[in-house]
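**Q** generate coordinates for the sequence data below:
(chains A and B)
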Amino acid sequence: SQQGEEDPQALSIQEGENATMNCSYKTSINNLQWYRQNSGRGLVHLILIRSNEREKHSGRLRVTLDTSKKSSSLLITASRAADTASYFCATLSGNTPLVFGKGTRLSVIA
Amino acid sequence: GAVVSQHPSWVICKSGTSVKIECRSLDFQATTMFWYRQFPKQSLMLMATSNEGSKATYEQGVEKDKFLINHASLTLSTLTVTSAHPEDSSFYICSATDGGDGRNTIYFGEGSWLTVV
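**A** From the prediction side, this is the model:
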């Protein structure tokens, strides 16, 4: 069964605005990863945050992790039309493979 | 960075035929490969975990006789959809990891679109 649940399922913003997506999960994890998927394409790994980390930055991306609430957020600052894609969180627990959430479809309008 | 190549990118086949999809790790040895299926506007659903030299581990509800997985080398895993039916039409994605600490990051192929007519 799926572990992560993204929120919102769909998000539409204007170019230049910030986009925030949330992810909740159910069990303890080793790490949580965010991926991006353009329509009909494979996944691109964006960022990984370990269970002992609280925040991580990569370019315009900022990820937070709250293990007490079993939640994570992905913030994309100064969004661009090229950021339009689906974003998935995925969790790694023990030796189990990545389990993906349902994803957030982000539309950035120029 | 590590690259995973998947082939073919898209394939159309007739109902009842078999289709093979290849997943190759190009610049690292993939001790473990994963096969996912994704229906339109849905998430990735894990089908099976493939370890080099051993039988694949299938997720509940995935027919092992229908979705044959072979991981014969450290750089190649194949998924064969046997006796394909229209309901098997989907986007299939493989991913690979080099195991150990490298397992923290998993690299994905570009996916294969299968249409069964």
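**Q** where in the chain is pLDDT low?
**A** Assuming you mean chain A. Residue ranges of chain A with pLDDT under 70: A:1-4, A:95-96.
**Q** my bad, the chain I had in mind was chain B
**A** Using pLDDT under 70, the flagged stretches of chain B are B:1-2, B:99-105.
**Q** closest to the centroid, which residue in it?
**A** In chain B, the centroid-proximal residue (Cα atoms, centre = their mean) is B:W35; its distance is 3.5 Å.
**Q** check contacts around that residue.
**A** By Cβ atoms under 8 Å, 6 or more residues apart in numbering or on different chains, B:W35 lies in contact with B:23, B:46-48, B:50, B:67, B:69, B:77, B:79, B:92-94. C-beta here means a position set from N, CA and C on the backbone, and glycine is covered the same way.
**Q** need those in JSON lines with distance to chain A, secondary structure and neighbour count, can you?
**A** Shown next, in JSON lines, are the contacts of B:W35 (distance: Cβ to the nearest Cβ, whole Å; DSSP: H, G, I helix; E, B strand; the rest coil; neighbours: other Cβ atoms under 10 Å in any protein chain shown):
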{"residue": "B:C23", "distance to chain A": "11", "secondary structure": "strand", "neighbour count": "28"}
{"residue": "B:L46", "distance to chain A": "6", "secondary structure": "strand", "neighbour count": "20"}
{"residue": "B:M47", "distance to chain A": "10", "secondary structure": "strand", "neighbour count": "24"}
{"residue": "B:A48", "distance to chain A": "9", "secondary structure": "strand", "neighbour count": "23"}
{"residue": "B:S50", "distance to chain A": "10", "secondary structure": "strand", "neighbour count": "25"}
{"residue": "B:F67", "distance to chain A": "16", "secondary structure": "strand", "neighbour count": "19"}
{"residue": "B:I69", "distance to chain A": "13", "secondary structure": "strand", "neighbour count": "23"}
{"residue": "B:S77", "distance to chain A": "13", "secondary structure": "strand", "neighbour count": "30"}
{"residue": "B:L79", "distance to chain A": "15", "secondary structure": "strand", "neighbour count": "25"}
{"residue": "B:Y92", "distance to chain A": "11", "secondary structure": "strand", "neighbour count": "24"}
{"residue": "B:I93", "distance to chain A": "6", "secondary structure": "strand", "neighbour count": "25"}
{"residue": "B:C94", "distance to chain A": "9", "secondary structure": "strand", "neighbour count": "30"}
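**Q** identify, from these, the entry nearest to A:S68.
**A** Nearest to A:S68, judged by Cβ to Cβ, of those is B:L46 at 27.1 Å.
**Q** wait, isn't the closest one in contact with A:P97?
**A** Yes: using Cβ atoms under 8 Å, B:L46 is in contact with A:P97, at 5.7 Å.
**Q** joint contacts of these two?
**A** In contact with both B:L46 and A:P97: B:F34, using Cβ under 8 Å, 6+ apart.
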